[in-house]
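Asker: starting from these lines, generate the structure:
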Amino acid sequence: MTTRWLTPEEQRAWRAYIAASRLLEDAIDRQLQQEGGMPHLFYSVLANLSDAPERRLRMTDLAETLKITRSRLTYVVTRLERDGLVRREDCRWDKRSSLAVLTDEGMAVLERTAPGHVETVRSLLFDRLTPEQVGQLEEICTGIARGLQGGDSESGADDVPWRRRSSCPSSPPTSS
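Answerer: As a prediction, this is how the structure comes out:
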């Protein structure tokens with residue numbers, strides 16, 4: 001198999017993407033740590049729960065929305081539970097699942113933190129783009145995400161973070 005090296009234009013675009021995404025994530029994390037005492041991922045859990053009906057989501061659905069592994073989500077929700085911002089409930093319609101529920105205290109933290117977060121995102125990203133570039137950014141990111149998720153087909157669907165199995169099973173496999 002022959003390596004398809006990046007062209008100079010692709011190399012510049014790749015490096016620009018890496019630099020921008022790391023700097024943006026760092027700036028958002030710093031702002032959320034200063035104003036909300038939490039990293040971006042924790043804020044994202046609260047924000048997604050606030051948008052859900054009755055401020056609750058199945059843990060597997062929340063992991064898919066956030067594009068993270070279920071074990072990482074479990075860790076985050078456990079930390080948010082300890083702070084009283086989220087609680088877990090058994091899922092009535094799927095006995096294998098549990099729900100993450102945004103508490104009133106979690107909603108209050110989100111409402112207090114959201115204005116600064118939105119201002120940070122606006123000033124660091126959207127204020128630097130034209131309306132046409134905003135549409136292009138959405139189109140580009142949607143296309144990349146769709147391709148990485150296997151698009152509309154089932155190909156590669158098991159290799160997305162929220163469907164991956166832990167590399168260390170909690171119990172040894174049974175032989176048949």
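Asker: run a quick neighbour tally on the residue nearest to R70 when sequence neighbours are not counted.
Answerer: Distances taken as CB to CB, 6 or more residues apart in numbering place A63 nearest to R70, at 4.8 Å, with adjacent residues excluded. (C-beta placed from N, C-alpha, C; glycine too.) Neighbours of A63 under the rule other CB atoms under 10 Å: 26.
Asker: go on, G135?
Answerer: Count around G135 with other CB under 10 Å applied: 11.
Asker: rewinding a little: assumed the residue nearest to R70 was part of a helix.
Answerer: Yes: assessed by DSSP: H, G, I helix; E, B strand; the rest coil, A63 belongs to a helix.
Asker: my guess is it contacts Y75. True?
Answerer: No: the pair A63 / Y75 is not scored as a contact, 11.3 Å apart, by CB atoms under 8 Å.
Asker: so what's G37 up against?
Answerer: Neighbour list for G37: empty [criterion: CB atoms under 8 Å, 6 or more residues apart in numbering].
Asker: my guess is D29 contacts H40, does it?
Answerer: Yes: when contacts are counted by CB under 8 Å, D29 is listed as touching H40 (5.0 Å).
Asker: what about the strands in the chain?
Answerer: 56-58, 86-90, 98-102 (DSSP state E).
Asker: can you tell me which of those is packed in deepest?
Answerer: Mean neighbour counts were compared across the strands of the chain using mean count of other CB atoms under 10 Å; the top stretch is strand 98-102, at a mean of 22.
Asker: got the CA coordinates for it in PDB?
Answerer: Extracted in PDB, the C-alpha atoms of strand 98-102 (Å, rounded to 0.1, in the frame of the first residue of the first chain):
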ATOM      1  CA  SER A  98     -29.800   4.300  34.000                       C
ATOM      2  CA  LEU A  99     -30.800   7.900  33.500                       C
ATOM      3  CA  ALA A 100     -28.700  11.000  34.300                       C
ATOM      4  CA  VAL A 101     -30.900  13.700  35.700                       C
ATOM      5  CA  LEU A 102     -30.000  17.400  36.100                       C
END
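Asker: residue boundaries of the helices in this protein?
Answerer: 8-36, 40-51, 59-66, 70-82, 104-124, 131-148 (DSSP state H).
Asker: can you say which of these is nearest to D90?
Answerer: With distances scored as CB to CB, the stretch of these nearest to D90 is helix 59-66 (11.2 Å).
Asker: any stretches of the chain with poor pLDDT?
Answerer: Within the chain, the stretches with pLDDT under 70 are 94-95, 151-176.
Asker: contact partners for the residue with the shortest distance to the centre of it?
Answerer: With distances taken as CA atoms, centre = their mean, the chain has L66 as the residue nearest its mean C-alpha position (2.7 Å). L66 is in contact with L41, S44, V45, N48, L73, W162, counting by CB under 8 Å, 6+ apart.
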